[in-house]
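Visitor: give me coordinates for this.
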Amino acid sequence: MRFIVLGPVRAWRDGVELELGPPKQRALLAFLLTRTGQPVAVHEIVDVLWGQDPPDSAVNVVHRHVGALRRLLEPDLPTRAASRRLVRGSGGYRLDLGTDDLDLLRFRALREEARRLAEEGSPKPATELLIEALTLWRGPVATGIASQIRAHPVFTAVDREHLVAVKEASETALDAGAGLTERVLITLRQAAAHHPLDEVLQARLIVVLAATGHQAEALDVYRTVRTRLADELGLDPGPELRAAQEQVLRQNVPLPAASVDGGPGTGPVASGPADSSSLPGSSGSSGSAPAEAAAAGQASADQYIPKVRPAQLPADLSAFTGRRSELARTHALLPEEGEQPAAVVISAIGGMAGVGKTTLAVHWAHEIAHRFPDGQLYVNLRGFHPTGSIMTPGDAIRTFLDAFGVPSHRIPAGLDAQAALYRSLLAGRRVLVLLDNARDTEQVRPLLPGAPGCLVIVTSRNQLHGLIAGEGARPIELDVLTVREAREFLTRRLGAARTAAEPAATNEIIGLCGRLPLALSIVGARATVNQAFSLASVAAELRESHGSLDAFAVDDPVTDARSVFSWSYSTLSAGAARLFRLLALHPGPDGSAGAAASLAGLPVREVRPLLSELVRAHLLTEHAPGRYVFHELLNAYAAELTRAEDGKDVRIDALHRMLDHYLHSAQAADSLLAPHRERITLPAPCPGANPVRFTDKGQAADWLDAEHLVLLAAVHQEARRGSGAHCWQLAATLELCLDRLGRWQEQLAVQAVALTSAQRLGDLAGQAHTHRALGFAYGRLDHRDEAYEHLLRALELFDEVDDPISKGRVHRYLAFLCNKFGRHLQALDHYRQAFALYGPGGRCGAHGRIFNEVGWTHILLGEYEKALDQCRQALAVGQEVGDRDGEAAAWDSLGYAHHHLAQYRQALACYGHALDLYREVHDRYLEADTLVHMGDSHEAAGANGLAASAWLQALDIVDAFDHPDAAQIREKLERLKETERRVALSLPA
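Guide: This next block holds a predicted model:
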């Protein structure tokens, strides 16, 4: 027989798990298991199972359950024969088991041996035994039996044994080696999360965190515990906590001895004595010091183990040909399959623009992807983008962290800290990283993994001498194709019959294209589309338009590719040629027909045929329906042309039309989605801007989703070269969209450049709006000091420009910040000031929102009846003025208040109204938020199936835009699944 009680109560006989019967019988067995080897009186059993109010039949029920357990444990026992396991004694029963029969006995034996070894001065084997003991725990003791029974001292005493063992392990681990210390840290974190007021346990966590290099997190734990003690108990930290903090501050923490055993990659030691819950998020780092950045990055990595296997490689080219020698050289860089490299392998593929660096890199990456089972990352670093919008290392790292599914609220601030987190995630993993189109070594260096096992492929037009000399990169320089490879290249595209029919023309085309793959691709596409053209005529046109292109300049003028581009360009109609030039002014990464129309100053219906003409000429790619993208080399060529052929005023007017198109379209979409939100006042759009006219909220939401990255790029482009207010105005218009998506890091970046632009212009209103937006974003990310600094500066500036409505909005943001950091009475004061600033009467949309936000503050204060009164006023105002967003928010808050009053039916009715309204206004994030609340109320009311359904709907929404709330929803679903499993195990057969 084998039994476990450290977690769900289970039993096996001859390897077959037993059904342990109804809940009371299972609870009886759990009680006997905790008292194994000791006689237990019947009155003790009755006390555990029924407490102070047992039924008259309690003793008979106990005897009946004991009989059932005897038959279950010893089915071959003759009638009236004495049991060998469940023994009847004077006045009670005794369960006799050996150490190997019960996990609790094994746990205690391991602890006792560990204690002996520790006393003898052998911390490493002592820690190993404690880790083994802790792995026996699969949850709280007797998980699944009724909570009122589990609250009996006999069970809570066993749970305390787990807590004591964790503390013992945290003591011995410091002298046992770094690997063992890291393993103990995982369980120590979990235990501390479940016992937040245990000062000794929290002190141990602080010391072990600091000893394993997580000093920033250690001090953050101290601050959190100090605040919780003050708020919940009115106490100051005790001597253990103060001593732990002092050790960290004085850097007097013992460092674990080096160890070749174990290690952080060996996994957690146990699930702990209670259900898992989310760990505190990293507060980030300023990135000002490498050590602090590394600590912040490691802390975040420790708290987030990626479950996503990114596969970001672009599609391989089906018609890939040639490059046999280069491929052989790249494969030679890797060790034999099954062998591990001693260091990160870096291949730097260089060569002129258009020579096929990316094509080769992607093809090689696909060939070896199976050797990197933990994922493949890809990013275009835009090192030579003509608009100057080079991707920063920080932006690239954030895309990689997104690819691993790291929630945005766990990404620290500052490049050094983000790079440290990125390296930590890749440590011990085999990941292929393809960095395409790099500008220089400094752009690449922060993106390199720090541990062996990974491969980095870098492509660049520049020779990356610093990467070769400093990081040991192995260079692969690409030349143009050989004549044989170029002929094979064209043959794969045009067909063997066609090239064989005109071998001389084929050879001339190869020569005129300089054997440059990109040029051959364009000519091949032109000849493929126009099957009636002879290859001789194609060669003749290339010959006649031969010129030079600086970006492709080499010693031999024949390899100059400008003739290829100019030939394609010369075939365009005048309208398409003008559009091609002006598209170079677009910030990217892609554009719509509406944006192209604004650049050209034409109606959309007139620009669509021109776009089709460019696509047919292979000068533009429609990579998605209605979305167009330039190849960077063609963009560079177009930029040269517009500077040469279009005057400065023409280019400025085109830019102004395009920016007005985006600005007024974005505000129109935002106004349709949230008509009662405050927004900036814009001048009328210039003629030809063609702002989008949205017919419904769904169209507006779709447009914002599609143009989100373009709008960000436009802000950054204007920050670099703009001379007007478009930069901060676009940022202000984007604010609500970014907040709705939870993209607060992007919000910080875009508002920061907008602030610089507004300051350069001396635009006080622009500075005020960007300070306000920065303050709110910093508040979302828990950066309290920065948030207050920006919001208070916004108040000063709105005073200077005499904008009371915007001041009211700042006071609401300050109230939000106060609530976030537990200053609820100060929040109410800010709401009172905001209410007055919005004007008399109290019946506008903003007043209704303040009623609701005040109600929410009362909820946080536990004043639910006051909250109901305020939220009902908010609902009345919202319904009166037609503020559907405000009405939805009020219904949600009413539901939340009813939930906390245990009025679940009323709560669910309120949530239903909120859900309908959020769907009507297309606020997907708040729709998900309400679904989460609805699931909470269903769960509290005992409707677990409905709770799971609501949470799954919410998860579908937040997963779509990678919101950090997804992790919390998954935890709710996992907890519910575990509860259902335990309930199922407790049911009778």
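Visitor: spatially nearest residue to Glu920, not counting backbone neighbours?
Guide: Residue nearest to Glu920 in three dimensions, not counting chain neighbours: Arg884, with 6.1 Å by Cβ to Cβ, 6 or more residues apart in numbering. C-betas here are computed from N, CA, C, even on glycine.
Visitor: secondary structure class of the nearest residue to Asp696 once chain neighbours are set aside, three-state.
Guide: Nearest non-adjacent residue to Asp696, counting by Cβ to Cβ, 6+ apart: Leu672, 7.8 Å away. The three-state label given to Leu672 by DSSP: H, G, I helix; E, B strand; the rest coil is helix.
Visitor: what about Leu672, how many neighbours?
Guide: By the criterion of other Cβ atoms under 10 Å, Leu672 has 19 neighbours.
Visitor: helices along the stretch 851-989 of the chain, start to end?
Guide: 864-881, 884-900, 904-920, 924-940, 944-960, 965-986 (DSSP state H, counting those that start in this stretch).
Visitor: hang on, Ser347 in a strand?
Guide: Yes. Checked against three-state DSSP, Ser347 lies within a strand.
Visitor: that one: neighbouring residues, count only.
Guide: Ser347: 20 neighbours (other Cβ under 10 Å).
Visitor: quick check: bridge partners of the closest residue in space to it that isn't next to it in sequence?
Guide: The shortest distance from Ser347 to any non-neighbouring residue, by Cβ to Cβ, 6+ apart, is to Ile457 (5.0 Å). Counting by DSSP bridges, Ile457 is bridged to Ser347, Leu434.
Visitor: so who does Ile457 touch?
Guide: Applying Cβ atoms under 8 Å, 6 or more residues apart in numbering, we find Ile457 in contact with 347, 349, 361, 364-365, 432-435.
Visitor: what does Gln953 give?
Guide: Contacts of Gln953 (Cβ under 8 Å, 6+ apart): 928, 931.
Visitor: same question for Glu17.
Guide: Glu17 neighbours (Cβ under 8 Å, 6+ apart): 10-11.
Visitor: quick one: it and Gly139, what's the gap?
Guide: 17 Å (Cβ to Cβ, to the nearest Å).
Visitor: for the closest residue to Leu448 other than its chain neighbours, give me its contacts.
Guide: Using Cβ to Cβ, 6+ apart and skipping the chain neighbours, the partner closest in space to Leu448 is Val456 (5.9 Å). Applying Cβ under 8 Å, 6+ apart, we find Val456 in contact with 344-347, 433-435, 447-449.
Visitor: quick check: closest non-adjacent residue to the residue nearest the centre of the chain.
Guide: By Cα atoms, centre = their mean, the chain has its centre lying nearest to Pro407, at 2.4 Å. Leaving aside its sequence neighbours, Pro407 sits nearest to Pro964 (Cβ to Cβ, 6+ apart; 3.4 Å).
Visitor: and what of Thr930?
Guide: Using Cβ to Cβ, 6+ apart, the nearest residue to Thr930 is Ala914, at 4.7 Å.
Visitor: sorry, back to before: ok, the residue nearest to Asp696 touching Phe694?
Guide: Yes. Proximity of Leu672 to Phe694 meets the contact threshold set by Cβ atoms under 8 Å, at 5.4 Å.
Visitor: any shared contact partners between the two?
Guide: Going by Cβ under 8 Å, 6+ apart, residues that sit against Leu672 and also against Phe694 are Ala700.
Visitor: please report how far Gly405 lies from Arg970.
Guide: In terms of Cβ to Cβ, Gly405 sits 11 Å off from Arg970.
Visitor: ditto for Gly51
Guide: For Gly51 relative to Arg970 (Cβ to Cβ), the value is 36 Å.
Visitor: right, I'll call it a day here.
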